[in-house]
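> please work out how this folds:
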Amino acid sequence: MATTVWPRALLLVLGGAALLAGLDAALALLGVAAPVGAQAAPALPPSHGTLMVFGFVGTLIALERAVALRRWWGYSAPALLGVGSLAQLAPTPGAGTAWVPRAVVLAGAVMFAVVYVPLWRRQRDPAVLVQALGAVAAAGGAALLAAGVSVPAVVPWLAAFLLATIAGERLELARLRISGRWAEPLLVAACAVLVVLAPVTLLWPAVGYPLFGLALLGLAAWLVRYDVARATIRSRGLPRFVAACLLSGYAWLAVAAAVSLLAPGSRSGALTGSAYDAFLHAVFLGFVMSMIMAHAPVILPAVLRRPLPYLPAMWVPAVLLHAALVLRLAVGDARGDIVAWQWGGMGNVAAVLAFVAVAAYAVAAGRRGRRPTLDRSRPARARQEGAA
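A predicted model of the protein is given here:
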């Protein structure tokens, strides 16, 4: 076990370091006190997006896929994504070397896409295909960033990466209640449209963003219609917590779709200002972070072979995440209230850190045997591990 678990733990440390750096950068961008301010680390605030998407979430997803692949070279993807993202923060001897960390991230994204080739050969499944589409979007976004394209212009690529990856994982569980013959093809089509529209938002934003919003709305509708969360929300314990996180995330996805469809920027060009902030955080905080909270109790044990028992305290950071995001978007962005925007952002940072703390305590308590793993969570965990 030592030869397989500890390298995974080290890669998780890379992802955790990227998370902490990304949250610190978020505080700096909010204009509030941060442990490491922009003056001490000028490269920190501009790296916020890539730290969170590639350094944190990308490293975790690539690690989970490497575990599923069961080949040593698959771990190069999370290693390159984590190292490259953190390397952006290191002082560079000159402007001519600034491209190196971005190239490392690009190499990690390419390797991540390559991982899906043997996975697809092993199991020619629509869920794998949807996730592979997300990996292609990740590689495309990393290539644009390496070429010097600004992060705001690449956001649809990054969104398509995470949306398709998460949708593919949800499809594996949705099969428990799918009844129509068109359900799986519809999801593949929706995710393919998102990936195709990513370059359209870059080349023709006035057309691309409204279409991207329609695709987001279609994906949200599919998830609500077919996901098992609508049934498990009436359960107790872990299944109910997971379902609440999932359904909340789908609601935020619909909010992002509305912003992309209705914001003035989407009709004249790329999203800017408050509309950009609302779209960005509805997707990456409201949706993606909700999915992480939902899947952590069932995915992390499969990666580290350590139990992560459900604790009722997990509801606290989950509720705080959504309440703070409502404050940030509905009052801060919609009404131009800077104070509400800052407090909402700080609440989001606190929610993420609180969830990490609760999860760490749950793992420690599980290893000491203080809390037994709940029987109610075992079927869901078995299905997740079997899919991996």
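
> check contacts around Trp343.
324, 327-328, 332 (Cβ atoms under 8 Å, 6 or more residues apart in numbering). C-beta: built from backbone N, CA, C; applies to glycine.

> so which strand or helix has the residue most central in space within the chain?
By Cα atoms, centre = their mean, the chain has its centre lying nearest to Val288, at 4.1 Å. Applying DSSP states H and E as the criterion places Val288 in helix 288-304.

> which secondary structure elements does that helix sit against?
On a contact count with 3 or more Cβ pairs under 8 Å, 6 or more residues apart in numbering; DSSP states H and E, helix 288-304 meets helix 2-30, helix 59-69, helix 151-174, helix 237-262, helix 315-326, helix 338-368, helix 378-387.

> per-residue confidence averaged over it?
For helix 288-304, mean pLDDT is 86.

> angle of it against helix 237-262?
Here the directions of helix 288-304 and helix 237-262 differ by 140 degrees (axes from the mean of the first three to the mean of the last three Cα atoms, to 10 degrees).

> helix 288-304 to helix 59-69, inter-axis angle?
40 degrees.

> how far does helix 288-304 sit from the chain's center?
11 Å (Cα atoms, centre = their mean, to the nearest Å).

> so where's the stretch 101-250 of the chain uncertain?
Across the stretch 101-250 of the chain, the ranges flagged by pLDDT under 70 are 174, 176-180.

> now for the spatially closest residue to Gly249 that is not a sequence neighbour: which residues touch it?
Nearest residue to Gly249 in three dimensions, chain neighbours excluded: Ser290, at 3.4 Å (Cβ to Cβ, 6 or more residues apart in numbering). Contacts for Ser290 (Cβ under 8 Å, 6+ apart) come out as 245-246, 248-249, 252, 318, 321-322.

> need the phi and psi values for Pro309.
Backbone geometry at Pro309, expressed as degrees, to the nearest 10, gives phi -60, psi 150.

> can you check Ala43 too?
According to degrees, to the nearest 10, Ala43 has phi -80, psi -10.

> hmm, it is touching Leu89, no?
Yes: using Cβ atoms under 8 Å, Ala43 makes contact with Leu89 at a distance of 5.3 Å.

> what about those two, which has more around it?
Leu89 (20 against 15; other Cβ atoms under 10 Å).

> for Tyr315, the count of nearby residues, please.
For the record, residue 315 is Trp, not Tyr. Neighbour number of Trp315 under other Cβ under 10 Å is 15.

> now swap in Arg305 and tell me
12.

> now the residue nearest to the centre of the chain: closest residue in space that isn't a chain neighbour?
Leu162 (5.2 Å).

> I'd guessed the one you found sits against Met289; true?
No: with contacts counted by Cβ under 8 Å, Leu162 stays clear of Met289, the gap being 10.4 Å.

> leaving out sequence neighbours, find the closest residue to Val136.
Using Cβ to Cβ, 6+ apart, the closest residue to Val136 is Ala113 (5.8 Å).

> actually Arg65, not the one I typed
Using Cβ to Cβ, 6+ apart, the nearest residue to Arg65 is Val115, at 5.3 Å.

> distance-wise, check the one you found relative to Ala220.
27 Å (Cβ to Cβ, to the nearest Å).

> higher neighbour count, these two?
Val115 (25 against 22).

> ok, now which ones touch that one?
Val115 neighbours (Cβ under 8 Å, 6+ apart): 62, 65-66, 69, 74, 77, 135.

> name the element it belongs to?
helix 99-122.

> got any ranges where the stretch 251-388 of the chain has weak pLDDT?
366-388.

> repeat the analysis, applying 50 as the threshold.
For the stretch 251-388 of the chain, applying pLDDT under 50 flags the ranges 371-388.

> circling back to that earlier point, reformat the helices and strands packed on helix 288-304 as JSON lines; add distance to Val200.
Output for these, formatted as JSON lines (distance: least, Cβ to Cβ, whole Å):
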{"stretch": "helix 2-30", "distance to Val200": "28"}
{"stretch": "helix 59-69", "distance to Val200": "25"}
{"stretch": "helix 151-174", "distance to Val200": "9"}
{"stretch": "helix 237-262", "distance to Val200": "12"}
{"stretch": "helix 315-326", "distance to Val200": "28"}
{"stretch": "helix 338-368", "distance to Val200": "30"}
{"stretch": "helix 378-387", "distance to Val200": "32"}
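
> nearest to Phe284, out of those?
helix 151-174 (7.4 Å; Cβ to Cβ).

> which outside residues touch the helix or strand just after that closest one?
Using DSSP H and E, the helix or strand that follows helix 151-174 in sequence is helix 183-203. By Cβ under 8 Å, 6+ apart, the list of residues contacting helix 183-203 from outside reads 126, 129-130, 133-134, 136-137, 140-141, 144, 149, 153-154, 156-157, 159-160, 163-164, 167-168, 171, 174, 178, 207-209, 211-212, 215-216, 218-219, 222, 226, 270.

> how about Ala28, what does it touch?
Here Ala28 is in contact with 34, 36-38, 44-45, 48 (Cβ under 8 Å, 6+ apart).

> re earlier: among the contacts of Ser290, which pair sits farthest apart?
For the contacts of Ser290, and using Cβ to Cβ, no pair is farther apart than Leu246 and Leu321, which are 13.4 Å apart.
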